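1. Sequence unavailable; structure follows:
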(Lines give C-alpha, C1' and ligand atoms only; values in the text may rest on other atoms or scores of the structure.)
Protein backbone atom coordinates (compact mmCIF):
# COMPACT_ATOMS: atom_id res chain seq x y z
CA UNK A 1 0.00 0.00 0.00
CA UNK A 2 1.49 3.32 -1.06
CA UNK A 3 1.15 6.10 1.47
CA UNK A 4 2.27 9.69 1.68
CA UNK A 5 3.58 11.30 4.84
CA UNK A 6 2.84 14.81 5.98
CA UNK A 7 4.72 16.41 8.87
CA UNK A 8 3.52 19.59 10.54
CA UNK A 9 6.00 20.68 13.19
CA UNK A 10 5.44 23.85 15.12
CA UNK A 11 6.80 25.37 18.31
CA UNK A 12 4.50 23.43 20.61
CA UNK A 13 3.36 20.28 18.82
CA UNK A 14 4.23 17.95 15.95
CA UNK A 15 1.64 16.18 13.87
CA UNK A 16 2.22 13.40 11.36
CA UNK A 17 -0.39 12.19 8.88
CA UNK A 18 -0.42 9.34 6.40
CA UNK A 19 -2.72 9.51 3.39
CA UNK A 20 -3.29 6.82 0.78
CA UNK A 21 -3.25 7.10 -3.02
CA UNK A 22 -6.81 8.38 -2.88
CA UNK A 23 -5.87 11.15 -0.46
CA UNK A 24 -7.75 9.53 2.43
CA UNK A 25 -6.30 9.77 5.93
CA UNK A 26 -4.86 6.41 7.03
CA UNK A 27 -3.52 7.37 10.45
CA UNK A 28 -1.92 10.19 12.38
CA UNK A 29 0.33 11.00 15.33
CA UNK A 30 0.12 14.00 17.66
CA UNK A 31 2.86 14.83 20.13
CA UNK A 32 4.12 17.80 22.12
CA UNK A 33 7.61 18.86 21.07
CA UNK A 34 8.58 19.94 24.62
CA UNK A 35 11.00 22.39 23.03
CA UNK A 36 13.01 19.55 21.48
CA UNK A 37 12.21 19.41 17.74
CA UNK A 38 14.79 16.76 16.83
CA UNK A 39 13.59 14.42 19.57
CA UNK A 40 9.97 15.15 18.61
CA UNK A 41 10.52 14.26 14.96
CA UNK A 42 12.28 11.03 15.89
CA UNK A 43 9.72 10.04 18.52
CA UNK A 44 6.80 10.84 16.22
CA UNK A 45 8.35 8.71 13.48
CA UNK A 46 8.73 5.79 15.90
CA UNK A 47 5.05 6.04 16.83
CA UNK A 48 4.04 6.30 13.19
CA UNK A 49 6.06 3.26 12.22
CA UNK A 50 3.95 1.19 14.61
CA UNK A 51 0.82 2.45 12.88
CA UNK A 52 2.08 1.92 9.33
CA UNK A 53 -0.26 -0.48 7.50
CA UNK A 54 1.00 -3.92 6.59
CA UNK A 55 2.97 -3.62 3.33
CA UNK A 56 2.77 0.12 3.66
CA UNK A 57 5.46 2.06 1.81
CA UNK A 58 6.04 5.79 2.08
CA UNK A 59 6.21 7.19 -1.43
CA UNK A 60 6.39 10.89 -0.68
CA UNK A 61 6.96 13.31 2.21
CA UNK A 62 5.66 16.82 2.67
CA UNK A 63 6.62 19.10 5.55
CA UNK A 64 5.07 22.25 6.94
CA UNK A 65 5.13 24.31 10.13
CA UNK A 66 7.77 26.56 11.62
CA UNK A 67 10.39 23.77 11.64
CA UNK A 68 9.49 22.45 8.21
CA UNK A 69 13.01 22.83 6.81
CA UNK A 70 14.53 20.91 9.74
CA UNK A 71 11.96 18.12 9.30
CA UNK A 72 12.65 17.95 5.56
CA UNK A 73 16.39 17.79 6.13
CA UNK A 74 16.13 15.06 8.78
CA UNK A 75 13.49 12.88 7.18
CA UNK A 76 14.04 13.57 3.49
CA UNK A 77 11.25 15.88 2.33
CA UNK A 78 9.92 15.99 -1.22
CA UNK A 79 7.91 19.16 -0.75
CA UNK A 80 8.20 21.93 1.84
CA UNK A 81 5.31 24.34 2.14
CA UNK A 82 4.04 27.14 4.34
CA UNK A 83 1.26 26.27 6.82
CA UNK A 84 -1.32 28.39 5.08
CA UNK A 85 -0.88 26.42 1.86
CA UNK A 86 -1.12 23.11 3.72
CA UNK A 87 -4.22 24.17 5.65
CA UNK A 88 -5.95 25.29 2.44
CA UNK A 89 -5.20 22.03 0.62
CA UNK A 90 -6.48 19.91 3.52
CA UNK A 91 -9.65 21.96 4.00
CA UNK A 92 -10.45 22.00 0.31
CA UNK A 93 -10.36 18.20 0.45
CA UNK A 94 -12.08 17.60 3.82
CA UNK A 95 -14.62 20.46 3.85
CA UNK A 96 -14.87 21.68 0.25
CA UNK A 97 -17.79 24.01 1.01
CA UNK A 98 -15.74 25.99 3.57
CA UNK A 99 -15.84 29.78 3.15
CA UNK A 100 -13.67 30.68 6.13
CA UNK A 101 -10.86 28.79 7.85
CA UNK A 102 -10.19 29.75 11.46
CA UNK A 103 -6.94 28.14 12.55
CA UNK A 104 -5.52 28.53 16.04
CA UNK A 105 -2.28 26.76 16.79
CA UNK A 106 0.16 26.68 19.65
CA UNK A 107 1.79 30.01 18.97
CA UNK A 108 0.10 31.54 15.98
CA UNK A 109 -3.30 31.95 14.39
CA UNK A 110 -4.50 32.39 10.86
CA UNK A 111 -7.64 33.21 8.95
CA UNK A 112 -8.17 32.15 5.34
CA UNK A 113 -11.13 33.22 3.24
CA UNK A 114 -12.13 30.81 0.48
CA UNK A 115 -14.41 31.78 -2.34
CA UNK A 116 -15.42 29.17 -4.91
CA UNK A 117 -12.62 26.90 -3.73
CA UNK A 118 -9.92 29.53 -4.20
CA UNK A 119 -8.10 31.57 -1.55
CA UNK A 120 -9.51 35.09 -1.70
CA UNK A 121 -7.81 36.56 1.37
CA UNK A 122 -5.82 35.55 4.41
CA UNK A 123 -4.31 37.06 7.52
CA UNK A 124 -2.16 36.20 10.51
CA UNK A 125 -2.07 37.18 14.15
CA UNK A 126 -0.07 40.03 15.63
CA UNK A 127 2.57 39.41 18.27
CA UNK A 128 0.38 40.85 21.01
CA UNK A 129 -2.64 38.56 20.65
CA UNK A 130 -3.68 36.63 23.72
CA UNK A 131 -5.21 34.24 21.27
CA UNK A 132 -3.22 31.09 20.83
CA UNK A 133 -3.09 27.60 22.23
CA UNK A 134 -0.05 28.29 24.37
CA UNK A 135 -1.96 30.95 26.26
CA UNK A 136 -4.74 28.48 27.08
CA UNK A 137 -2.17 25.83 28.07
CA UNK A 138 -0.45 28.30 30.37
CA UNK A 139 -3.65 29.45 32.05
CA UNK A 140 -4.91 25.87 32.44
CA UNK A 141 -1.64 24.96 34.15
CA UNK A 142 -1.86 28.00 36.38
CA UNK A 143 -5.40 27.01 37.40
CA UNK A 144 -4.33 23.42 37.99
CA UNK A 145 -6.51 22.02 35.20
CA UNK A 146 -5.52 19.49 32.55
CA UNK A 147 -5.90 21.11 29.13
CA UNK A 148 -7.98 18.11 28.05
CA UNK A 149 -10.60 19.04 30.70
CA UNK A 150 -10.60 22.74 29.88
CA UNK A 151 -13.42 22.71 27.33
CA UNK A 152 -15.83 20.50 29.30
CA UNK A 153 -15.37 22.54 32.46
CA UNK A 154 -15.78 25.78 30.55
CA UNK A 155 -19.13 24.53 29.22
CA UNK A 156 -20.34 24.21 32.85
CA UNK A 157 -20.05 27.97 33.27
CA UNK A 158 -23.21 29.68 34.51
CA UNK A 159 -22.02 33.29 34.55
CA UNK A 160 -18.84 33.79 32.50
CA UNK A 161 -16.57 36.64 33.59
CA UNK A 162 -15.34 39.16 31.10
CA UNK A 163 -11.58 39.05 30.72
CA UNK A 164 -10.01 42.06 29.09
CA UNK A 165 -6.66 42.67 27.42
CA UNK A 166 -5.37 41.72 24.00
CA UNK A 167 -1.86 41.32 25.34
CA UNK A 168 -1.09 38.02 27.04
CA UNK A 169 0.41 39.84 30.01
CA UNK A 170 -2.63 42.06 30.61
CA UNK A 171 -5.10 39.21 30.10
CA UNK A 172 -3.33 37.10 32.70
CA UNK A 173 -3.35 39.99 35.18
CA UNK A 174 -7.08 40.31 34.69
CA UNK A 175 -7.61 36.59 35.21
CA UNK A 176 -5.63 36.61 38.42
CA UNK A 177 -7.78 39.47 39.68
CA UNK A 178 -10.96 37.56 38.83
CA UNK A 179 -9.68 34.55 40.78
CA UNK A 180 -8.91 36.75 43.76
CA UNK A 181 -12.45 38.10 43.60
CA UNK A 182 -13.71 34.54 44.07
CA UNK A 183 -15.29 33.82 40.70
CA UNK A 184 -15.95 30.16 39.90
CA UNK A 185 -13.22 28.44 37.92
CA UNK A 186 -15.75 27.39 35.26
CA UNK A 187 -16.83 31.00 34.80
CA UNK A 188 -13.22 32.11 34.43
CA UNK A 189 -12.50 29.30 31.95
CA UNK A 190 -15.42 30.16 29.74
CA UNK A 191 -14.65 33.86 30.10
CA UNK A 192 -11.20 33.03 28.80
CA UNK A 193 -12.68 31.18 25.82
CA UNK A 194 -14.84 34.20 25.04
CA UNK A 195 -11.83 36.52 25.37
CA UNK A 196 -9.78 34.38 23.03
CA UNK A 197 -12.55 34.30 20.43
CA UNK A 198 -13.02 38.05 20.77
CA UNK A 199 -9.29 38.71 20.47
CA UNK A 200 -9.04 36.46 17.44
CA UNK A 201 -11.85 38.28 15.65
CA UNK A 202 -10.50 41.72 16.53
CA UNK A 203 -6.95 40.79 15.63
CA UNK A 204 -6.58 38.10 12.99
CA UNK A 205 -10.11 38.57 11.74
CA UNK A 206 -10.02 42.38 11.76
CA UNK A 207 -11.31 43.72 8.47
CA UNK A 208 -11.98 40.25 7.05
CA UNK A 209 -15.35 39.29 5.57
CA UNK A 210 -16.15 36.10 7.48
CA UNK A 211 -18.71 33.91 5.78
CA UNK A 212 -20.17 30.56 6.74
CA UNK A 213 -19.55 27.71 6.84
CA UNK A 214 -16.56 28.41 9.07
CA UNK A 215 -14.08 25.59 9.59
CA UNK A 216 -12.37 25.75 12.97
CA UNK A 217 -9.08 23.87 13.10
CA UNK A 218 -5.76 23.62 14.88
CA UNK A 219 -5.23 22.01 18.27
CA UNK A 220 -7.43 24.60 20.01
CA UNK A 221 -10.43 23.33 18.06
CA UNK A 222 -10.52 20.29 20.39
CA UNK A 223 -11.67 22.69 23.10
CA UNK A 224 -15.47 22.52 23.19
CA UNK A 225 -15.59 25.76 25.15
CA UNK A 226 -13.77 27.52 22.31
CA UNK A 227 -16.18 26.10 19.76
CA UNK A 228 -19.16 27.44 21.67
CA UNK A 229 -17.43 30.80 22.15
CA UNK A 230 -16.82 31.15 18.41
CA UNK A 231 -20.39 30.21 17.57
CA UNK A 232 -21.61 32.89 19.96
CA UNK A 233 -19.16 35.52 18.74
CA UNK A 234 -19.95 34.82 15.09
CA UNK A 235 -23.68 34.43 15.83
CA UNK A 236 -23.92 31.25 13.82
CA UNK A 237 -24.07 27.51 14.36
CA UNK A 238 -22.26 26.91 11.08
CA UNK A 239 -18.85 26.45 12.68
CA UNK A 240 -17.49 23.04 11.73
CA UNK A 241 -14.66 21.20 13.43
CA UNK A 242 -13.28 18.61 10.97
CA UNK A 243 -12.62 15.05 12.23
CA UNK A 244 -8.90 15.71 12.79
CA UNK A 245 -8.65 19.43 13.45
CA UNK A 246 -5.14 19.22 14.87
CA UNK A 247 -3.76 17.35 11.88
CA UNK A 248 -5.06 19.47 9.03
CA UNK A 249 -1.64 20.98 8.34
CA UNK A 250 -0.04 17.52 8.25
CA UNK A 251 -2.85 16.16 6.08
CA UNK A 252 -2.35 19.06 3.69
CA UNK A 253 1.40 18.44 3.57
CA UNK A 254 0.76 14.75 2.81
CA UNK A 255 -1.66 15.69 0.01
CA UNK A 256 0.91 18.09 -1.41
CA UNK A 257 3.48 15.28 -1.35
CA UNK A 258 1.02 13.00 -3.16
CA UNK A 259 0.47 15.64 -5.83
CA UNK A 260 4.19 16.39 -6.15
CA UNK A 261 5.24 12.75 -6.56
CA UNK A 262 2.51 12.14 -9.13
CA UNK A 263 3.68 15.17 -11.10
CA UNK A 264 7.40 14.37 -10.83
CA UNK A 265 7.12 10.60 -11.20
CA UNK A 266 10.43 10.23 -9.35
CA UNK A 267 11.54 8.37 -6.25
CA UNK A 268 10.88 9.86 -2.81
CA UNK A 269 13.66 11.50 -0.82
CA UNK A 270 12.36 9.79 2.35
CA UNK A 271 15.33 8.39 4.28
CA UNK A 272 13.39 5.67 6.06
CA UNK A 273 12.35 5.08 9.65
CA UNK A 274 16.01 4.53 10.62
CA UNK A 275 16.06 8.33 10.99
CA UNK A 276 14.33 7.84 14.33
CA UNK A 277 17.46 6.12 15.68
CA UNK A 278 20.05 8.43 14.15
CA UNK A 279 22.35 10.32 16.49
CA UNK A 280 22.34 14.00 15.63
CA UNK A 281 24.87 16.41 17.01
CA UNK A 282 23.88 19.99 17.78
CA UNK A 283 26.32 22.87 17.99
CA UNK A 284 25.76 26.62 18.05
CA UNK A 285 26.98 29.66 16.18
CA UNK A 286 26.05 33.33 16.03
CA UNK A 287 24.54 34.70 12.84
CA UNK A 288 25.91 38.12 11.96
CA UNK A 289 23.66 38.84 8.99
CA UNK A 290 21.73 41.54 10.82
CA UNK A 291 21.72 43.36 14.20
CA UNK A 292 19.56 40.60 15.78
CA UNK A 293 22.70 38.40 16.19
CA UNK A 294 20.60 35.24 16.54
CA UNK A 295 22.13 32.19 18.17
CA UNK A 296 21.68 29.41 15.65
CA UNK A 297 21.62 25.66 16.21
CA UNK A 298 23.58 23.59 13.70
CA UNK A 299 22.54 19.96 13.34
CA UNK A 300 25.00 17.41 12.03
CA UNK A 301 24.87 13.73 11.23
CA UNK A 302 28.04 11.70 10.73
CA UNK A 303 30.07 14.89 10.49
CA UNK A 304 27.83 16.47 7.82
CA UNK A 305 25.77 19.56 8.54
CA UNK A 306 22.21 18.74 7.56
CA UNK A 307 20.25 21.68 8.95
CA UNK A 308 20.40 24.96 10.82
CA UNK A 309 17.60 26.54 12.80
CA UNK A 310 16.73 28.88 15.63
CA UNK A 311 16.88 32.34 14.09
CA UNK A 312 14.16 34.93 13.83
CA UNK A 313 14.13 34.47 10.08
CA UNK A 314 14.44 31.42 7.85
CA UNK A 315 17.63 32.43 6.14
CA UNK A 316 19.76 29.60 7.48
CA UNK A 317 16.94 27.06 7.30
CA UNK A 318 16.73 27.63 3.56
CA UNK A 319 20.44 27.18 2.85
CA UNK A 320 22.00 24.91 5.48
CA UNK A 321 25.16 24.24 3.50
CA UNK A 322 26.32 27.88 3.60
CA UNK A 323 29.36 28.93 5.59
CA UNK A 324 28.79 29.88 9.22
CA UNK A 325 31.02 32.94 9.29
CA UNK A 326 28.52 35.73 8.67
CA UNK A 327 26.21 35.46 5.69
CA UNK B 1 8.63 34.77 -27.09
CA UNK B 2 10.51 36.13 -24.07
CA UNK B 3 8.97 35.28 -20.70
CA UNK B 4 7.17 38.27 -19.13
CA UNK B 5 9.14 39.78 -16.23
CA UNK B 6 7.46 38.84 -12.94
CA UNK B 7 6.40 41.81 -10.84
CA UNK B 8 7.99 41.79 -7.39
CA UNK B 9 5.73 41.26 -4.41
CA UNK B 10 5.21 44.67 -2.85
CA UNK B 11 5.26 44.61 0.95
CA UNK B 12 4.10 47.87 2.50
CA UNK B 13 4.33 48.71 6.18
CA UNK B 14 1.98 51.52 7.12
CA UNK B 15 2.64 53.22 10.45
CA UNK B 16 2.48 56.57 12.16
CA UNK B 17 5.90 57.48 13.55
CA UNK B 18 4.38 60.13 15.80
CA UNK B 19 1.88 57.86 17.54
CA UNK B 20 2.69 56.37 20.96
CA UNK B 21 4.01 52.83 20.86
CA UNK B 22 2.99 49.93 23.08
CA UNK B 23 5.00 49.83 26.31
CA UNK B 24 5.85 46.17 25.84
CA UNK B 25 7.75 46.99 22.62
CA UNK B 26 6.86 43.68 20.99
CA UNK B 27 7.26 43.42 17.25
CA UNK B 28 9.22 45.50 14.75
CA UNK B 29 9.17 49.29 14.83
CA UNK B 30 9.41 50.32 11.21
CA UNK B 31 9.38 53.99 12.02
CA UNK B 32 13.04 53.36 12.95
CA UNK B 33 15.25 53.69 9.82
CA UNK B 34 17.68 51.09 11.23
CA UNK B 35 14.92 48.52 11.59
CA UNK B 36 13.69 49.21 8.07
CA UNK B 37 17.19 48.92 6.61
CA UNK B 38 18.03 45.66 8.38
CA UNK B 39 14.66 44.16 7.40
CA UNK B 40 15.24 45.09 3.74
CA UNK B 41 18.58 43.31 3.96
CA UNK B 42 17.09 40.16 5.50
CA UNK B 43 14.26 40.01 2.98
CA UNK B 44 16.76 40.38 0.15
CA UNK B 45 18.71 37.40 1.48
CA UNK B 46 15.53 35.37 1.86
CA UNK B 47 13.66 36.26 -1.30
CA UNK B 48 16.09 38.11 -3.54
CA UNK B 49 14.46 40.53 -5.96
CA UNK B 50 11.06 38.83 -5.68
CA UNK B 51 10.09 41.07 -2.77
CA UNK B 52 10.21 44.84 -2.38
CA UNK B 53 9.67 46.41 1.04
CA UNK B 54 8.41 49.96 1.45
CA UNK B 55 7.34 52.10 4.40
CA UNK B 56 4.37 54.44 4.16
CA UNK B 57 3.40 57.00 6.76
CA UNK B 58 -0.24 57.67 7.52
CA UNK B 59 -0.24 60.87 5.43
CA UNK B 60 1.12 59.08 2.38
CA UNK B 61 -1.87 56.76 2.05
CA UNK B 62 -4.68 59.31 2.24
CA UNK B 63 -4.76 59.51 -1.55
CA UNK B 64 -3.73 57.19 -4.35
CA UNK B 65 -3.96 53.39 -4.56
CA UNK B 66 -3.99 52.91 -0.77
CA UNK B 67 -6.71 55.49 -0.09
CA UNK B 68 -9.24 52.74 0.68
CA UNK B 69 -6.85 51.33 3.27
CA UNK B 70 -6.60 54.83 4.72
CA UNK B 71 -10.38 54.97 5.04
CA UNK B 72 -10.48 51.58 6.75
CA UNK B 73 -7.82 52.76 9.22
CA UNK B 74 -9.88 55.86 10.01
CA UNK B 75 -13.02 53.79 10.57
CA UNK B 76 -11.16 51.36 12.89
CA UNK B 77 -11.61 48.45 10.52
CA UNK B 78 -7.80 48.15 10.55
CA UNK B 79 -5.16 49.31 13.04
CA UNK B 80 -1.53 50.39 12.89
CA UNK B 81 1.08 49.20 12.27
CA UNK B 82 -0.39 47.57 9.20
CA UNK B 83 1.28 45.06 6.92
CA UNK B 84 0.06 45.04 3.33
CA UNK B 85 1.12 42.64 0.63
CA UNK B 86 0.34 43.84 -2.88
CA UNK B 87 -2.05 46.32 -1.28
CA UNK B 88 -3.99 43.71 0.73
CA UNK B 89 -3.97 43.83 4.55
CA UNK B 90 -2.35 40.74 6.04
CA UNK B 91 -1.48 41.70 9.62
CA UNK B 92 -3.20 44.55 11.42
CA UNK B 93 -1.10 45.35 14.50
CA UNK B 94 2.42 44.63 15.74
CA UNK B 95 4.28 41.88 13.93
CA UNK B 96 7.76 40.41 13.96
CA UNK B 97 10.24 39.21 11.35
CA UNK B 98 8.98 35.64 11.52
CA UNK B 99 5.37 36.68 10.79
CA UNK B 100 6.52 38.98 8.01
CA UNK B 101 8.38 36.26 6.18
CA UNK B 102 5.57 33.71 6.69
CA UNK B 103 3.07 36.11 5.13
CA UNK B 104 5.37 36.70 2.16
CA UNK B 105 6.02 32.99 1.74
CA UNK B 106 2.28 32.30 1.84
CA UNK B 107 1.72 34.93 -0.84
CA UNK B 108 4.34 33.31 -3.07
CA UNK B 109 2.82 29.86 -2.60
CA UNK B 110 -0.77 31.07 -3.08
CA UNK B 111 0.18 32.51 -6.44
CA UNK B 112 1.39 29.08 -7.51
CA UNK B 113 -1.68 27.14 -6.31
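-> Looks like it came in fine. The structure presented is a predicted model; accordingly, all values stated were derived computationally and were not measured.
2. Could you use CA atoms for every contact and neighbour count after this?
-> Noted.
3. Tell me the predicted confidence for the residue of the stretch 101-250 of chain A found nearest chain B.
-> Nearest residue of the stretch 101-250 of chain A to chain B (CA to the nearest CA) works out as residue A:123 at 4.4 Å. At residue A:123, the pLDDT value in this model is 95.
4. List the residue ranges of the stretch 1-150 of chain A that fall below the pLDDT cut-off.
-> Applying pLDDT under 70 to the stretch 1-150 of chain A flags the ranges A:129-130.
5. residue boundaries of the strands in it?
-> Read by DSSP state E, counting those that start in this stretch, the stretch 1-150 of chain A holds these strands, from start to end of the chain: A:2-9, A:13-20, A:25-32, A:57-64, A:79-80, A:100-104, A:109-115, A:118-124.
6. ok, now chain B?
-> In chain B, the strands defined using DSSP state E lie at B:9-15, B:51-57, B:82-85, B:88-92.
7. How about the stretch 151-300 of chain A?
-> So, for the stretch 151-300 of chain A - with DSSP E, counting those that start in this stretch - the strands run A:214-217, A:239-240, A:281-286, A:295-301.
8. So which of those is nearest residue A:88?
-> Closest approach to residue A:88 among those is made by strand A:214-217 (10.8 Å; CA to CA).
9. partners of that closest one, with directions?
-> According to DSSP bridges, strand A:214-217 has the following sheet partners: strand A:100-104 (parallel), strand A:239-240 (parallel).
10. picking up where we left off before, hey, which of the strands of the stretch 151-300 of chain A is tucked in deepest?
-> Highest mean neighbour count of the strands of the stretch 151-300 of chain A: strand A:214-217, a mean of 25 (counted as mean count of other CA atoms under 10 Å in any protein chain shown).
11. What count of nearby residues applies to residue 92?
-> You didn't pick a chain, so chain A it is. Residue A:92 sits with 16 neighbouring residues when counted by other CA atoms under 10 Å in any protein chain shown.
12. could you do chain B instead?
-> Using other CA under 10 Å, residue B:92 has 26 other residues around it.
13. what's the answer for the one 5 residues further on, then?
-> For residue B:97, the neighbour count with other CA under 10 Å is 17.
14. separation between it and chain A?
-> Going from residue B:97 to chain A by CA to the nearest CA, to the nearest Å gives 6 Å.
15. Just the pLDDT at that residue, thanks.
-> So residue B:97 comes in at 89 (pLDDT).
16. That one against residue A:313, yeah?
-> Yes - here residue B:97 lies in contact with residue A:313, judged by CA atoms under 8 Å, at a distance of 6.3 Å.
17. Could you report the pLDDT at residue B:46?
-> Residue B:46 carries a pLDDT value of 90.
18. Just name the most buried of the strands paired with strand A:214-217.
-> Among those, strand A:100-104 has the highest mean neighbour count (mean count of other CA under 10 Å), at a mean of 26.
19. How many neighbouring residues does the nearest residue to residue A:197 once chain neighbours are set aside have?
-> Nearest non-adjacent residue to residue A:197, counting by CA to CA, 6 or more residues apart in numbering or on different chains: residue A:230, 5.7 Å away. The number of residues packed near residue A:230 is 24, by other CA under 10 Å.
20. what's the answer for residue A:153, then?
-> Other residues near residue A:153 come to 17 when the count uses other CA under 10 Å.
21. could you say what helices and strands the helix or strand of chain B with the lowest mean pLDDT packs with?
-> In chain B, no helix or strand scores lower on mean pLDDT, DSSP states H and E than helix B:33-47, which sits at a mean of 89. Helices and strands touching helix B:33-47, by 3 or more CA pairs under 8 Å, 6 or more residues apart in numbering or on different chains; DSSP states H and E, are helix A:315-318, strand B:51-57.
22. and residue B:76, which of the ones you listed is closest to it?
-> Nearest to residue B:76, of all those, is strand B:51-57, at 16.8 Å by CA to CA.
23. Relative to the whole chain's centre, how far out is the closest one?
-> 6 Å (CA atoms, centre = their mean, to the nearest Å).
24. Residue A:53 and residue A:39: what is the separation?
-> 24 Å (CA to CA, to the nearest Å).
25. do the same with residue A:176
-> Using CA to CA, residue A:176 is found at 35 Å from residue A:39.
26. Check residue A:68 too.
-> As judged by CA to CA, residue A:68 and residue A:39 stand 15 Å apart.
27. Looking at these two, which one has more neighbours?
-> Between residue A:68 and residue A:39, counted using other CA under 10 Å, residue A:68 has the larger neighbour count: 23 against 15.
28. between the longest helix anywhere in chain A and strand A:100-104, how many degrees?
-> Determined from DSSP state H, the single longest helix within chain A is helix A:185-203. Put simply, helix A:185-203 runs at 120 degrees to strand A:100-104, going by axes from the mean of the first three to the mean of the last three CA atoms, to 10 degrees.
29. same for helix A:185-203, what does it pack against?
-> helix A:147-155, helix A:168-180, helix A:224-234.
30. What residue, apart from its backbone neighbours, is nearest the residue of chain B found nearest chain A spatially?
-> As assessed by CA to the nearest CA, chain A sits closest to residue B:90 within chain B, at 4.4 Å. Nearest residue to residue B:90 in three dimensions, chain neighbours excluded: residue A:123, at 4.4 Å (CA to CA, 6+ apart).
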